[in-house]
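Asker: Sharing a model that was predicted from the sequence below.
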Amino acid sequence: MFPDSNNGYSYEDCQATADWLLAQAAVRPQVAIVCGSGMGGLADTLKDQVAFNYKDIPNFPLSTVPGHAGRLVFGTLKGRPCVCMQGRFHLYEGYPIQKITKPMRIFALLGVETVILTNAAGGLNQDFKVGDIMIIKNHINIAGFAGNHPLAGPNDDRFGVRFPCMSDAYDRDLQQLALDVGQELGYGDFLRDGVYCVVGGPSFETIAECRMLHKLGADAVGMSTVHETIVARHCGMRVFALSLITNKAVMEYDSEEKANHEEVLETSRVRASQLETFVSNLVSRIKPSKLSYS
Ligand SMILES: O=P(O)(O)O[C@@H]1C[C@H](O)[C@@H](CO)O1
Ligand SMILES: Nc1nc2[nH]cnc2c(=O)[nH]1
């Protein structure tokens, strides 16, 4: 069940990729941003870019999903050094769970302190509308309960402890800061907070599954983010995460609506510029020190 030691995502493998990146890019990122489906435009807002195609980065997975370009972009956002994944990896692409989260460990070795994760998600909360931005305050990792967990296998203490706490997975100060930034930008009408539930995908949920997830306390459902959060927290980085509600989860048996990736990408396109403003303003307000916020 557990990967062997020569798996491509050991500490030494992550260090080798981090060293390669540090030798190529002058920027020393404090913040890492992961772009959700159709949100790659966030990466284009970085100034003084140095970008790498995933295929050219040693030991890095490849993006296979439309709306995930497959580039790692270094640069600055409002003067703050950042690195941005223009495209992430998902379990349903067939990668081992340790591989889809490997970029988090590489970020930690690059010196990143804060990770901002974005995703497209289906809205389970009946008060949510398509186009809402949900600040993730907590998650439900159903597959993780059953052992499909990114930290399964031998623990390398150089990354973090064997049994990391997840009750503080999503940084509360950053959530408050994001609410403040959203209000200041006039986004209050479409800014929410809630619980994100990850499923394996790639099929969208059945009506019965949506009803079950809603009953369990999830406000939104998606296919990413949670594994990245766990690994980022394991190696000591702060996490802020948001979902763009790209579609309403279908909850009624007489509904004619059908979830589809085109709608997901279209909603991302419509909200793209507001998301970019939101994230760049948030980044500009995160202080490098682990303790202070402006
Ligand atoms: O990378 P994210 O979580 O934004 O991607 C979501 C989940 C699936 O990959 C895809 C479904 O449309 O969007
Ligand atoms: N699982 C899941 N992922 C999504 N990503 C965007 N929308 C959805 C959805 O409705 N369900």
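Answerer: Nice, I can see it. Ligands and ions are numbered 1, 2, ... in the order given.
Asker: only C-alpha atoms for contact and neighbour calcs from this point on.
Answerer: Will do.
Asker: What strand or helix carries the residue of the stretch 101-250 of the chain found nearest ligand 1?
Answerer: Nearest residue of the stretch 101-250 of the chain to ligand 1: N119, at 3.4 Å (Cα to the nearest ligand atom). Element membership for N119 (DSSP states H and E) is strand 114-123.
Asker: Can you give me every residue that contacts the residue nearest the centre of the chain?
Answerer: Per Cα atoms, centre = their mean, the C-alpha nearest to the average position across the chain is that of L117, at 2.9 Å. Neighbour list for L117: I33, V34, C35, G36, T225, T229, V239, F240, A241, L242 [criterion: Cα atoms under 8 Å, 6 or more residues apart in numbering].
Asker: name the helices or strands packed onto the following helix or strand past the strand holding N119?
Answerer: Next along the chain after strand 114-123, taking DSSP H and E as the criterion, comes strand 133-141. Helices and strands touching strand 133-141, as assessed by 3 or more Cα pairs under 8 Å, 6 or more residues apart in numbering; DSSP states H and E, comprise helix 172-184, strand 191-198, helix 226-234, strand 238-248.
Asker: ok so, going back, could you list every residue that touches the residue of the stretch 101-250 of the chain closest to ligand 1?
Answerer: C35, G36, S37, G222, S224, T225, L242, S243, L244.
Asker: how close does the last one sit to M39?
Answerer: I take that to be L244. 9 Å (Cα to Cα, to the nearest Å).
Asker: Distance from the lengthiest helix in the chain to the middle of the chain?
Answerer: Determined from DSSP state H, the single longest helix within the chain is helix 261-285. Relative to its chain's centre, helix 261-285 lies at 13 Å (Cα atoms, centre = their mean, to the nearest Å).
Asker: unless I'm mixing things up, K248 is touching K129, no?
Answerer: Yes: the criterion here is Cα atoms under 8 Å, and K248 meets it with K129 at 7.1 Å.
Asker: Next, the buried residues of the host helix or strand of E209.
Answerer: For E209, the element it lies in under DSSP H and E is helix 207-215. Neighbour-count burial for helix 207-215, with 16 or more other Cα atoms under 10 Å as criterion, is recorded at C210, R211, L213, H214.
Asker: I figured the last one was touching N125, is that so?
Answerer: Yes: taking contact to mean Cα under 8 Å, the distance of 7.0 Å between H214 and N125 places them in contact.
Asker: Which neighbouring elements make contact with the helix or strand of the chain with the lowest mean pLDDT?
Answerer: Of all helical and strand segments in the chain, the minimum by mean pLDDT, DSSP states H and E falls on helix 142-145, at a mean of 91. Counting by 3+ Cα pairs under 8 Å, 6+ apart, the packing neighbours recorded for helix 142-145 are strand 191-198.
Asker: related to what we said a few turns ago, identify the contacts common to L244 and M39.
Answerer: Listed as contacting both L244 and M39 by Cα under 8 Å, 6+ apart are S268.
Asker: Would you mind listing where this protein has pLDDT under the threshold?
Answerer: Within the chain, the ranges that satisfy pLDDT under 70 run 1-6, 289-294.
Asker: Close to ligand 1: what parts of this structure are there?
Answerer: G36, S37, R88, N119, A120, G222, M223, S224, H261, V264 (Cα under 6 Å from any ligand atom).
Asker: Now distance to ligand 2 too, for these, in CSV please.
Answerer: As requested, those are arranged in CSV below (distance: Cα to the nearest ligand atom, whole Å):
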residue, distance to ligand 2
G36, 9
S37, 8
R88, 13
N119, 7
A120, 5
G222, 3
M223, 5
S224, 8
H261, 7
V264, 6
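Asker: just the angle between the helix or strand where V73 lies and helix 261-285, please?
Answerer: According to DSSP H and E, V73 maps onto strand 71-77. For strand 71-77 against helix 261-285, the angle by axes from the mean of the first three to the mean of the last three Cα atoms, to 10 degrees is 40 degrees.
Asker: Strand 71-77: which residues count as buried?
Answerer: For strand 71-77, the buried set under the neighbour-count rule, 16+ other Cα under 10 Å, comprises R71, L72, V73, F74, G75, T76, L77.
Asker: The first one touches R88, doesn't it?
Answerer: So that's R71. No: R71 is beyond contact range of R88, at 9.3 Å (criterion: Cα under 8 Å).
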